[in-house]
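> Kindly generate the corresponding structure for this input.
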Amino acid sequence: MNDKSFLKKGGSWEGLAEVFGELKIAAAIPFLVSRIGLRSPRYVALSPWLKSEEVIEKTFPALSALIKIGPDASRAVIQGYPSLTMLDERLAAMFVVSHIAGVPEARDFLIRVPAAANTECIWAERGLKKLDENIPQSK
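You can find the predicted model right below:
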């Protein structure tokens, strides 16, 4: 990518993400992980997680860059996963980890993630039941 194409992208974080991915700049991994769930202002996709992988990669530029960087990016995403709070961030992390080969700890990570989500689901259901039990009855 040349300077002119970067400037055409507005010199934004999105343009930086693309450059970092194309050049496989490992030093940019923390920057990209911190933006993993941010959507591209250039590409609007409603419900991107229900669409093709190509749509997902266009929608989330940092995700795409991390995949291009490779195994070190996958390890950083796995390490940073506990701090990701937004749904798009967590889904993007799983997408990145599952699209980079050569990371032995990726399988364990992808097994642990749904187990934690299932536990959250159980407690949410228990909480709803408890709330229903505590609703005052009409006279």
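
> what sits up against stretch 77-90?
For stretch 77-90, the surrounding residues in contact (C-beta atoms under 8 Å, 6 or more residues apart in numbering) are 33, 36-37, 39, 60, 66, 93, 96-97, 103, 105-106, 109, 113. (C-beta placed from N, C-alpha, C; glycine too.)

> cool, stretch 22-34 as well?
By C-beta under 8 Å, 6+ apart, stretch 22-34 touches 1, 13, 16-17, 19-21, 62, 65-66, 68-70, 72-73, 76-77, 80.

> can we see that at 7 Å?
Defining contact as C-beta atoms under 7 Å, 6 or more residues apart in numbering, one finds that stretch 22-34 is touched by 1, 17, 20, 62, 65-66, 68-70, 72-73, 76-77, 80.

> Please tell me how far it is from the chain's geometric centre.
Mean-position distance between stretch 22-34 and its chain equals 14 Å (C-alpha atoms, centre = their mean, to the nearest Å).

> Any regions of the protein where pLDDT drops low?
Residue ranges of the chain with pLDDT under 70: 1-11, 137-139.

> Grab the most central residue of it for me.
In the chain, the C-alpha nearest the mean C-alpha coordinate belongs to residue 92, at 2.0 Å (C-alpha atoms, centre = their mean).
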